[in-house]
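Q: next come a sequence and a model predicted from it.
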Amino acid sequence: MNDGVNGVALGVFVFFFVAVTAMGFLAARWRRADNEHSLDEWGLGGRSFGTWVTWFLLGGDLYTAYTFVAVPAAIYAAGAAGFFAVPYTILVYPLIFTFLPRLWSVSHKHGYVTTSDFVRGRHGSKSLSLAVAVTGILATMPYIALQLVGIQAVLDVMGVGGGESTNWFVKDLPLLIAFGVLAAYTYSSGLRAPALIAFVKDTLIYIVIAVAIIYIPIKLGGFDEIFKAASDKYTAAGAGGLVPAEAGQWTYATLALGSALALFMYPHSITATLSSRSREVIRRNTTILPLYSLMLGLLALLGFMAIAAGVKVQNGQLAIPQLFENMFPDWFAGVAFAAIGIGALVPAAIMSIAAANLFTRNIYKDFIKPDATPRQETQVSKLVSLLVKVGALVFVLTMDKTVAINFQLLGGIWILQTFPALVGGLFTRWFHRWALLGGWAVGMLYGTIAAYGVASPTQKHFGGSSKEIPGIGEIGYLGLTAFVLNVAVAVVLTFALRAFNAPEGVDETSPEDYTADAGDPGVATELPPATAAEASH
């Protein structure tokens, strides 16, 4: 690692950062609506995005700085087990094809902005809606923090901010500046900012990966040498070579499956989905989003390349930025660093908007100020988006950077527990609302306690997300185990509650709502029916 600042790389990085910052503020003028003071406009971009804007937005949303930094870093440190991210993104698209169009239709019909809006409307339960909202906010916080870790990794490799002994304020000043810019244009432009910047972000990432997958192997003597160097390292470390050891195969499979089930439970995934203008846009996107999985498979190979290139770092999160620093000319290393940095800004913006929408619609409006106007909702959501980013910043400045991915995986354990209420509710109302709440509580409690008991070489608690599966004896993903317990409890409680004739909530949806499209009679196009009248005042 360079002792000083890489001036050329830093200059290129700053150029792209300034460019996307300008785009972020100009996005407020892009597709400007007549009424900007509603969550439909600020938080969902007016529900107006077409196929390609939605594709770039979802890609920028799902394939983040975590993708660019942590996935290859996991392969660099632990071997092929880090490839779990590739099969899970392959599994997820057939899954979402079955339920995302239904969620879009019913949300568009009733003006739902968040998943909790749907849960409240479908199950007639503010308590269950609150549980889903709180879970979404909790799960999103470490995910935003992980994006800031990605930016910090790039800054460290470029030599910006000083070493570990530098005054904390000076060391973290570049990250604080990046955070301030992110907060400002998100507040100003809402979802339109990351939607516009996503074009630049994804283009840069595709260029960097295309160049890296050709240029770096040529410099290292070809893929044969790369795989041999990686295999030798893993074998010497007792990691079983390039293939996960038999003892780790249950972990690999359950982590991939559990992650696939959890991905579109995250609030930011649904926010990007609901911003599209039609049901058909969602269906098209489930068929073309797998192009990102191809990119992810190539990206994961960078972990092997870092080993072959002799990259030595104490913090695995620095492995790929350091590989770029070592292998690329300074100017193209700057392009690669910009791709990672912008790859953090786009999802961080969407995540903070999604978390703010959950607070505003499902905590503030439901429990604090039921008569809030659309303008008041929008203002609260803007302020909360700032607070969410501040919380993530505090999180990343005080946490152990080497285990950032474990905190995000803990969020995955939590968010997976909302699956029965959300996806189950899209197809059936058989589950009793109180049973779903009980199952959620058991899943959350088990997953959190079990994760707390997992130790690692660097952490006494929350050192990972895998543990022995009760009754099977194999090591598996805690989130999936908690999910199975969640569903089992929900089923048992539903039978019990129905036997005692426990009161059902009121379902405000109807069967035809789940197949409605834009332009159908009675479908909301800009504002929820309940708030359209208020917006005219």
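A: Now that the structure is in, tell me what you want to look at. Numbers count the residues shown, from 1 in each chain.
Q: tell me which stretches of the stretch 151-300 of the chain form helices.
A: With DSSP state H, counting those that start in this stretch as the criterion, the stretch 151-300 of the chain has helices at 168-189, 192-220, 223-236, 249-263, 267-274, 279-288, 290-300.
Q: looking at those, which is buried most?
A: Mean neighbours per residue, mean count of other CB atoms under 10 Å, is largest over those for helix 267-274, with a mean of 27. C-beta coordinates here come from the backbone N, C-alpha and C atoms, glycine included.
Q: show me what it is packed against.
A: Secondary-structure packing of helix 267-274 (3 or more CB pairs under 8 Å, 6 or more residues apart in numbering; DSSP states H and E): helix 51-62, helix 85-110, helix 126-157, helix 330-359.
Q: if you count neighbours, what's buried in the third one?
A: Right, the one you point to is helix 126-157. 126, 128-157 (16 or more other CB atoms under 10 Å).
Q: the first one too?
A: In terms of neighbour count (16+ other CB under 10 Å), helix 51-62 has its buried residues at 51, 53-62.
Q: ok now stretch 487-506, how far from the chain's centre?
A: 32 Å (CA atoms, centre = their mean, to the nearest Å).
Q: contacts for it, please.
A: Applying CB atoms under 8 Å, 6 or more residues apart in numbering, the contact partners of stretch 487-506 are 123-125, 420, 430-436, 438-439, 442-443.
Q: contacting residues around V53?
A: By CB under 8 Å, 6+ apart, the neighbours of V53 are A195.
Q: below-threshold pLDDT in the stretch 351-500 of the chain: ranges please.
A: By pLDDT under 70, the low-scoring segments of the stretch 351-500 of the chain are 399-406.
Q: got the contact list for the nearest residue to M327 once chain neighbours are set aside?
A: Excluding its sequence neighbours, the residue lying closest to M327 (CB to CB, 6 or more residues apart in numbering) is I216, at 5.2 Å. Going by CB under 8 Å, 6+ apart, I216 touches 302, 305, 309, 323, 327.
Q: what about the first one, neighbour count?
A: So that's L302. 25 (other CB atoms under 10 Å).
Q: please report how far it lies from S269.
A: 25 Å (CB to CB, to the nearest Å).
Q: ok, the fourth one next?
A: Taking CB to CB as the criterion, L323 is separated from S269 by 29 Å.
Q: L204 too?
A: 22 Å.
Q: likewise L383?
A: L383 is 23 Å from S269, by CB to CB.
Q: please verify my assumption that L103 contacts S276.
A: No. Between L103 and S276 there is no contact under CB atoms under 8 Å: 11.3 Å.
Q: and the two? which has more neighbours close in?
A: S276 (28 against 24).
Q: the more buried one against I282, yeah?
A: Yes. With contact defined as CB under 8 Å, S276 reaches I282; the gap is 5.8 Å.
Q: now the common contact residues for those two.
A: Common neighbours of S276 and I282 (CB under 8 Å, 6+ apart) are 54, 104.
Q: excluding its backbone neighbours, what's nearest I363?
A: Closest to I363 by CB to CB, 6+ apart is A133, at 6.0 Å.
Q: so where is the stretch 201-350 of the chain shaky, pLDDT-wise?
A: In the stretch 201-350 of the chain the weaker segments, taking pLDDT under 70 as the threshold, are 238-242, 244-245.
Q: burial measure for G473, as a count.
A: Neighbour tally, G473, other CB under 10 Å: 9.
Q: from I209, how far off is it?
A: G473 is 40 Å from I209, by CB to CB.
Q: do I have it right that the residue nearest to I363 meets A356?
A: No. Between A133 and A356 there is no contact under CB under 8 Å: 11.2 Å.
Q: any chance of the helices of the stretch 151-300 of the chain in TSV, with distance to Y364 too?
A: Shown next, in TSV, are these (distance: least, CB to CB, whole Å):
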stretch	distance to Y364
helix 168-189	17
helix 192-220	23
helix 223-236	50
helix 249-263	26
helix 267-274	15
helix 279-288	28
helix 290-300	34
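Q: relative to A344, which of those helices is closest?
A: Closest to A344 of the helices of the stretch 151-300 of the chain, according to CB to CB: helix 168-189, at 8.3 Å.
Q: what does that closest one contact?
A: By CB under 8 Å, 6+ apart, helix 168-189 touches 17, 21, 24-28, 148, 151-152, 155, 160-164, 193-194, 341, 345, 348-349, 352-353, 382, 385-386, 389, 393, 396-397.
Q: isn't A450 right next to L480, touching?
A: No. Between A450 and L480 there is no contact, the gap being 11.6 Å when judged by CB under 8 Å.
Q: what about the two, which has more around it?
A: Neighbours per residue (other CB under 10 Å) separate A450 from L480, with L480 holding more: 25 against 19.
Q: tell me the SS of the more buried one?
A: helix (DSSP: H, G, I helix; E, B strand; the rest coil).
Q: name the nearest residue to it, sequence neighbours excluded.
A: Nearest non-adjacent residue to L480 (CB to CB, 6+ apart): G258, at 3.7 Å.
Q: L409 reaches G463, doesn't it?
A: No. In this structure, L409 is not within contact of G463 by CB under 8 Å, at 10.7 Å.
Q: which of the two has more neighbours?
A: L409 (23 against 17).
Q: which element is the more buried one on?
A: helix 404-416 (DSSP states H and E).
Q: following element in sequence after that helix, please.
A: Next element after helix 404-416 (DSSP H and E): helix 419-427.
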